[in-house]
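Student: sequence plus the predicted model coming up.
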Amino acid sequence: MSIASGSQLAERVSTISESSTMKVAAEAGRLKREGVDVVDFSAGEPDFPTPDNIKNAAIKALTDNFTKYTDTTGILDLKKAICDRHAKDYGTSYTPAECVVTVGGKHVIFELTQVLLNPGDECIIPVPYWVTYKDVVNYAGAKCVFVDTDEDKGFNVTAAQIEKHLSPRTKLIIINSPSNPSGAVLARDEFEKICKLAKSRGVLVMTDECYCRFLYEGGEPYSAAAFEGMKDTVIVAGSLSKTYAMTGWRVGFGLAPKAVIGAIAKLQSHMTSNPTSIAQKAAVEALNGPQDSVVAMLAEYAKRRRYVIDRLNAIPGVKCTEPMGAFYAYPNVRGAMNKLGIATPLDFSSKLLAEAHVALVPGEAFGTNDHVRISYATSMEILAKGLDRIEKFCRG
Ligand SMILES: Cc1ncc(COP(=O)(O)O)c(C=O)c1O
C-alpha cells in the first residue's frame, strides 16, 4: 500500500469528483498558455473589475493593519451589513446571531450540507443543477434525489414535481433561483408552494441566492426567506462573488436559525478560523456602499443575454430557452450533435475546444445530455467571436 497510488486516501474522497467547470477552465487555460487563441465561455465569473469603492475599503483595511484573526463567524460590522442588505432588498429580519460569514458561497453550501445531512438522508436537487450540490451531498454520505424539470417550461421546477420525490428520509431541498446553468427563475408563488410543502413535511429548503440580483425583463428580486412563517424552514446561502464582481475575494454568507449557525461556527473554527480580515472590510463597503455598479453590470448582462440567445437560436440544430436570470445560456444542441455525428455534450465540447477553440461546459456536468452551458459574462466582442466559431462548427 503506498500513498503514491492513492490507496491510502480516505474512502469519502472517492464520493466526489473535481468540479467539471473548473476542469474545462483548466484545459482552456492550458491551450491559452500554448498560444492558442481560445474563446473561453466556461468561467462563471464577471469580467468586470471589482468596483473601486470596494477595493479602496480593502486598501484602508490594510493600512489600518486590520490584518489579524477575526471572530470565527465574521466581524460584527459585516454580519450587520449582510442582515441590513437582505432586509432592505427582500424584507427579511435576520440578526447577526443568525448570520455566518464564510470563505465564499461554496464554503457555506459545503458547511450547510455537512451540518444538516446524516448518512442515508435524502436531498432533493432539481435538474439541471449546479455541479457542486451533488458532490457536497455525497460527501456528507447523504443521497441525491434528482428531480427532472421541463425544458419547454424554462427548466422551472414545480412543487408537484418535488412532492413526487419526497420520502420519509428527505431532509433538504436545494433551490437555486436564478439557476446556474439554466438561468431559470422560479416564480415567487411556486417557490412559496415548495416551501409550504417542505414545512408540512418537516423538510428544510436551502435557497442558493448567488445570482439573485441578476434578473431580466423586469424580474423583481425576492428571497424565499421573506415568505411568511418560513424562517425555520428556509436557509439562505449567499455570495458576494457575482453581485459585486468579487470572485477572488472569497466572501459568502449563511442566514439560518441560530442552531445551524452554531454548528457551522464549530466546523468553521477548525476549518478556516475566519474569512480573510481584509476581504471582510471590503464586503462591508460592498453591501453598505452605493449599489449603482450592480445596476450597471445588470444592464450590460441584459444586452449580452439578448445577443447570445438570438445568435444561438439562429444556428441550425441549436435551441435555447430564455434564461430569465444569472449570466448563462443553456442551449439544447442535440440537433447539431446529430448532424455532426457527435453522441454527447462532452464530445461536442471537447471537439469544439480542439477544433474551433471555444471552451464551454458540457451538460453532463449539470445532469442533462443534450445541452452545453455558455457563460456570457464576457465582452460583446468576445461573445461575437465565439458565437461565430460555434456557428461555423455547428454548420459543419
Ligand atoms: C449557483 C452557485 N452557487 C454558489 C456559487 C458559489 O460562488 P462563490 O463560492 O464564488 O461565492 C456559485 C459559483 O459559481 C454558483 O454558480
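Tutor: Cool, got the structure.
Student: how long is stretch 5-13 from one end to the other?
Tutor: Terminal residues of stretch 5-13 are spaced 14 Å apart (Cα to Cα, to the nearest Å).
Student: quick one: Tyr16 and Val137 touch, right?
Tutor: Quick fix: residue 16 reads Ile, not Tyr. No: Ile16 is beyond contact range of Val137, at 9.8 Å (criterion: Cβ atoms under 8 Å). For the C-beta atoms, the positions are set from N, CA and C on the backbone; glycine is no exception.
Student: compare the two (neighbour count), which wins?
Tutor: Each of Ile16 and Val137 has its neighbours counted (other Cβ atoms under 10 Å); Val137 has more, 28 against 14.
Student: what's the first helix or strand after the one helix or strand that one maps to?
Tutor: Assigned by DSSP states H and E, Val137 belongs to helix 131-139. As assigned by DSSP H and E, the chain's next helix or strand after helix 131-139 is strand 143-148.
Student: contact partners of stretch 188-196?
Tutor: The contact list for stretch 188-196 (Cβ atoms under 8 Å, 6 or more residues apart in numbering) reads 156-159, 162, 173, 175, 177, 186, 205, 222, 224, 227, 230, 233-234.
Student: how about stretch 11-29?
Tutor: Applying Cβ under 8 Å, 6+ apart, the set of residues contacting stretch 11-29 is 38, 40, 42-44, 131-132, 135-136, 138-139, 141, 349, 353, 359-362, 364-365.
Student: just stretch 370-386 next, same as before
Tutor: 39-47, 128, 181, 301, 303-305, 307-308, 311-312, 327-334, 337, 345, 348-349, 358, 360-363, 365-366.
Student: how about a cut-off of 7 Å?
Tutor: Residues outside stretch 370-386 that contact it (Cβ atoms under 7 Å, 6 or more residues apart in numbering): 39, 41-47, 181, 304-305, 307-308, 327-334, 345, 348-349, 358, 360-363, 366.
Student: distance of Asp310 from Lys392?
Tutor: 17 Å (Cβ to Cβ, to the nearest Å).
Student: is Pro126 in contact with Thr149, as I believe?
Tutor: Yes: using Cβ atoms under 7 Å, Pro126 makes contact with Thr149 at a distance of 5.5 Å.
Student: okay, those two: which has more neighbours?
Tutor: Under the criterion of other Cβ under 10 Å, the comparison of Pro126 against Thr149 puts Pro126 first, with 28 against 20.
Student: who does the more buried one form a beta bridge with?
Tutor: Beta-bridge pairing for Pro126 (DSSP bridges): Val147.
Student: kindly report the same for Val236.
Tutor: Thr207, Leu255.
Student: re earlier: overlap in contacts of Pro126 and Thr149?
Tutor: With Cβ under 7 Å, 6+ apart as the test, Pro126 and Thr149 both reach Val157.
Student: ok, residues contacting the helix holding Val137?
Tutor: Here helix 131-139 has contacts from 12, 15-17, 19-21, 106, 109-110, 113, 117, 123, 125, 144, 174, 365-366, using Cβ under 7 Å, 6+ apart.
Student: out of those, which are close to the ligand?
Tutor: Subset of the contacts of helix 131-139 in contact with the ligand: Lys106, counting by Cβ under 6 Å from any ligand atom.
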